[in-house]
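Engineer: Generate a structure from the sequence data that follows.
(one chain, ligands or ions: 1)
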Amino acid sequence: MARAAGSERRLLAVYTGGTIGMRSEDGVLVPGRGLAAVLKTLPMFHDEAYARACGLPEDTLMLPPASSDQRIIYTVLECQPLLDSSDMTITEWVQIAQIIERHYEQYQGFVIIHGTDTMAFAASVLSFVLENLRKPVILTGAQVPIHALWNDGRDNLLGALLMAGQYVIPEVCLFFQNQLFRGNRATKVDARKFAAFCSPNLPALATVGADITINRELVRKVGGKDPLAVHSCMERDVGLLRLYPGIPASLVRAFLQPPLKGVVMETFGSGNGPTKPDLLQELRVAAKRGLIIVNCTHCLQGAVTSDYASGMAMAGAGIISGFDMTSEAALAKLSYVLGHAGLSLEDRKKLLVKDLRGEMTLPMAADRQSSLQDSILGRRVAWLLSLGGSQVLPEEADAVRASLTPSLALAAAHTGDLEALQVLMELGSDLSLQDPIGQTPLHLAARRGHTGLVTMLLRRGVDVNSRDEDGHSPLLLAVRGRHQGVIGLLREAGACLSSQELEDAGTELCRLAFRADSEGLQAWWQAGADLGQQGYDGRSALHVAEATGNLEVVALLQRLGIQAPGPEILPDV
Ligand SMILES: NC(=O)C[C@H](N)C(=O)O
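Structural biologist: Numbering: from 1, shown residues only. Sure thing, here's the model as predicted:
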């Protein structure tokens, strides 16, 4: 029987060990060889008759048809030695990446069969080691060996093969119990249940039930034409330190000693830690020595924020926010960033606060996504309004317009839809009406950085200094969004920050200095803020920039005329 080449998808399954293939020896489970031979005896994993008719080589397996026009053919590559994943390290994960690199052109996708205990670490490391990935790499495994009558290995492996064979999801993923997670977002949460993993800060990329649902908008898009790059030089001298109440400074000091180059510090809640001066001093000394410390919350869900003084104390001690990264992802990212040759400490810190492989949600990203959807909606409703009027009684049309146009003006301002706003202006819409939290179209356009819209609204004479329920002006929102063009337009039209906004700026400026956010600081300066203003703890942006060694920021502040700070004020003992 001939095979139509176009209807085949070829996969490589790399078997590294783990419970899925384990056998019992002396009452304990140990990795077991010959997984491919086991799979060959299971009809759900191998269509023996069809494979023979096609003349497939002995080491090649073929799934029964998943759809009428497609066949998934796969080869199992068994690693030597097979390991319980508790014995896996960066070295083995880099070797897996190198196997993928060697076979990259031959196969359309890769499945990594791995133990579950360190699978989230493995997936995180692979996501950073493999750059410009255009094919799926899916890790899977099991809580119960595949030979057992009641096991999860069969469903997991079959699901991973089907996902890798049927969909182009160009990411390192983890498939477990009917869910496909982004690998560097997943974490193991149960030692026994089949639902062993979850992805606390990002929904699953795909869910398998009677139907397969792919969350397309979450799947990373591949841009450019750069070939696959494998970053084998991962730094091994990285560590993970979990804070606990009362942790002694001496223990922290002992942990942070060389040769350690980077640490993921698991802190309380939204990134908080003890504010004991001796402990902060240890962190500060280590950070000054060039040790990179990334702050991750030990909570399963949520992100590091700068809401608390105890969190800001961590930041002031030179610790970088890991936002909503899992500790596994943060450790892998540290290892990747430190492994890059020829980067300065500053460059490494900048890379760490960037989203490199979809491993973290930056505060503005969520906003951007929803604006796209809103834009389509806004346009359609505006179009309906302008046409629909002719099919209803004129009085009714006017009443409908009068009730809908204010919210449509707000929607148009939010999405930056100039055309829609133009239509609404022609319909006589009031462009100063506020939304439930008191924001006007100018607030929304300024917040989003829509210069064209801001120009249009200012020409219509809207109030440039209107305040929302929180007392925020359009200028403040433009500053927070770092929209220099909009800030310029608003200032020209006479906008200024209120005394409350100016008073609150100090702590915000310190935060920006800590994050080496020169753009953010410049935005405040452009809006007329005093960059020498002190934060809640009496320190100024320059204090913070000096303490964290953010030299670019120090230079910027000095260029803008900010004086060198006096001695740093430490919290009282
Ligand atoms: N379920 C498993 O795979 C656990 C095993 N100890 C491993 O990680 O290799």
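
Engineer: low-scoring stretches of the stretch 451-573 of the chain, by residue?
Structural biologist: The model of the stretch 451-573 of the chain has pLDDT under 70 over residues 564-573.

Engineer: And the helices in it, which stretches?
Structural biologist: Taking DSSP state H, counting those that start in this stretch as the test, the helices found in the stretch 451-573 of the chain are 451-459, 474-480, 484-492, 499-514, 518-526, 541-548, 551-559.

Engineer: any idea of the mean pLDDT in stretch 423-432?
Structural biologist: In this model, stretch 423-432 has a mean pLDDT of 74.

Engineer: And for stretch 109-126?
Structural biologist: Average pLDDT, stretch 109-126: 98.

Engineer: And the ligand, is that stretch touching that?
Structural biologist: Yes. Legend: contact between stretch 109-126 and the ligand by CB under 6 Å from any ligand atom is shown at 115-117. Heads up, the C-betas are built off the backbone N, CA and C, glycines and all.

Engineer: picking up where we left off before, would you list the helices of the stretch 451-573 of the chain in CSV and tack on mean neighbour count?
Structural biologist: Compiled in CSV, the helices of the stretch 451-573 of the chain are given as follows (neighbours: other CB atoms under 10 Å):
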stretch, mean neighbour count
helix 451-459, 20
helix 474-480, 27
helix 484-492, 19
helix 499-514, 20
helix 518-526, 19
helix 541-548, 24
helix 551-559, 17
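
Engineer: Tabulate these (TSV), appending distance to the ligand.
Structural biologist: Converted to TSV, those look like this (distance: least, CB to the nearest ligand atom, whole Å):
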stretch	distance to the ligand
helix 451-459	54
helix 474-480	45
helix 484-492	51
helix 499-514	38
helix 518-526	43
helix 541-548	39
helix 551-559	44
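
Engineer: would TSV of the residues of stretch 109-126 next to the ligand with distance to Pro259 be doable?
Structural biologist: Shown next, in TSV, are the residues of stretch 109-126 next to the ligand (distance: CB to CB, whole Å):
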residue	distance to Pro259
Gly115	28
Thr116	30
Asp117	26
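
Engineer: ok, of these, which one's closest to Phe255?
Structural biologist: Of all the residues of stretch 109-126 next to the ligand, Phe255 sits closest to Asp117, with 23.0 Å by CB to CB.

Engineer: Asp463 versus the closest one, what's the distance?
Structural biologist: Distance from Asp117 to Asp463, counting by CB to CB, to the nearest Å: 60 Å.

Engineer: ok, the two, which is more surrounded?
Structural biologist: Neighbours were counted for Asp117 and for Asp463 using other CB atoms under 10 Å; Asp117 has more, 19 against 13.

Engineer: Isn't the more buried one up against Leu83?
Structural biologist: No. Contact criterion CB atoms under 8 Å: Asp117 and Leu83 do not qualify, at 10.5 Å.

Engineer: Number of residues surrounding the closest residue in space to Ile100 that isn't next to it in sequence?
Structural biologist: Distances taken as CB to CB, 6 or more residues apart in numbering put Phe110 closest to Ile100, at 5.3 Å, once the chain neighbours are dropped. For Phe110, the count of nearby residues is 27 (other CB under 10 Å).

Engineer: Next up, identify which helix or strand Phe110 is on.
Structural biologist: Element membership for Phe110, per DSSP states H and E: strand 109-113.

Engineer: what does that strand contact?
Structural biologist: By CB atoms under 8 Å, 6 or more residues apart in numbering, the list of residues contacting strand 109-113 from outside reads 9, 11-16, 18, 20-21, 35, 74, 76, 96, 100, 103, 122, 126, 135-141, 157, 160-161, 164-165.

Engineer: Starting from that strand, tell me which strands it pairs with and how they run.
Structural biologist: Strand pairing for strand 109-113, determined by DSSP bridges: strand 8-17 (parallel), strand 137-140 (parallel).

Engineer: Can you lay out the ones you listed as TSV showing mean pLDDT?
Structural biologist: Shown next, in TSV, are the strands paired with strand 109-113 (pLDDT from 0 to 100):
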stretch	mean pLDDT
strand 8-17	96
strand 137-140	98
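
Engineer: Would you point to the one among these that's packed deepest?
Structural biologist: Sort the strands paired with strand 109-113 by mean neighbour count, taking mean count of other CB atoms under 10 Å, and strand 137-140 sits at the top with a mean of 29.

Engineer: could you check whether that strand is close to the ligand?
Structural biologist: No. On the criterion CB under 6 Å from any ligand atom, strand 137-140 is out of touch with the ligand, staying 10.3 Å away.

Engineer: So the next helix or strand after that strand, near the ligand or not?
Structural biologist: Proceeding N to C from strand 137-140, the next assigned helix or strand is helix 153-166, under DSSP H and E. No. Judged by CB under 6 Å from any ligand atom, helix 153-166 stays clear of the ligand, getting no closer than 9.2 Å.

Engineer: elements contacting helix 153-166?
Structural biologist: Contacts defined by 3 or more CB pairs under 8 Å, 6 or more residues apart in numbering; DSSP states H and E place helix 153-166 against strand 8-17, strand 71-83, strand 109-113, strand 137-140, strand 172-176, strand 206-208.

Engineer: what separates whatever helix or strand comes next after the third one from the chain centre, distance-wise?
Structural biologist: Sequence-wise, the next helix or strand beyond strand 109-113 is helix 119-129, with elements assigned using DSSP H and E. Taking the mean C-alpha point of helix 119-129 and that of its whole chain, the gap between them comes to 14 Å (CA atoms, centre = their mean, to the nearest Å).

Engineer: Can you give the contact residues for helix 119-129?
Structural biologist: If you take CB under 8 Å, 6+ apart as the criterion, helix 119-129 is touched by 18, 85, 88, 90, 93-94, 96-97, 112, 114, 137, 139, 141, 171-174, 182-184, 186-188, 197, 230-232, 234, 326, 328-329, 331-333, 335-336, 356-359.

Engineer: What residues does the chain have near the ligand?
Structural biologist: Proximity of the chain to the ligand (CB under 6 Å from any ligand atom) is limited to residues 17-19, 84-86, 115-117, 141, 143.

Engineer: Which one of those residues is nearest to the ligand?
Structural biologist: Gly115 (2.0 Å; CB to the nearest ligand atom).

Engineer: And the closest residue to that closest one other than its chain neighbours, what's its pLDDT?
Structural biologist: Leaving aside its chain neighbours, Gly115 sits nearest to Ser85 (2.6 Å; criterion: CB to CB, 6+ apart). Looking at Ser85, its pLDDT is 98.

Engineer: ok, Ser85 - contacts?
Structural biologist: Counted by CB under 8 Å, 6+ apart, Ser85 has contacts 16-18, 114-119, 122, 141.

Engineer: please redo it, this time with the cut-off set to 7 Å
Structural biologist: The contact partners of Ser85, taken as CB atoms under 7 Å, 6 or more residues apart in numbering, are 17-18, 114-119.

Engineer: List only buried entries from the residues of the chain next to the ligand.
Structural biologist: Taking 16 or more other CB atoms under 10 Å as the criterion, what is buried in the residues of the chain next to the ligand is 17-19, 84-85, 115-117, 141, 143.

Engineer: Include distance to Val544 when you put these into JSON lines, please.
Structural biologist: Formatted as JSON lines, these follow (distance: CB to CB, whole Å):
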{"residue": "Gly17", "distance to Val544": "47"}
{"residue": "Gly18", "distance to Val544": "46"}
{"residue": "Thr19", "distance to Val544": "48"}
{"residue": "Asp84", "distance to Val544": "46"}
{"residue": "Ser85", "distance to Val544": "41"}
{"residue": "Gly115", "distance to Val544": "43"}
{"residue": "Thr116", "distance to Val544": "42"}
{"residue": "Asp117", "distance to Val544": "40"}
{"residue": "Gly141", "distance to Val544": "45"}
{"residue": "Gln143", "distance to Val544": "47"}
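
Engineer: so which of the residues you listed comes closest to Ser344?
Structural biologist: Ser85 (35.2 Å).
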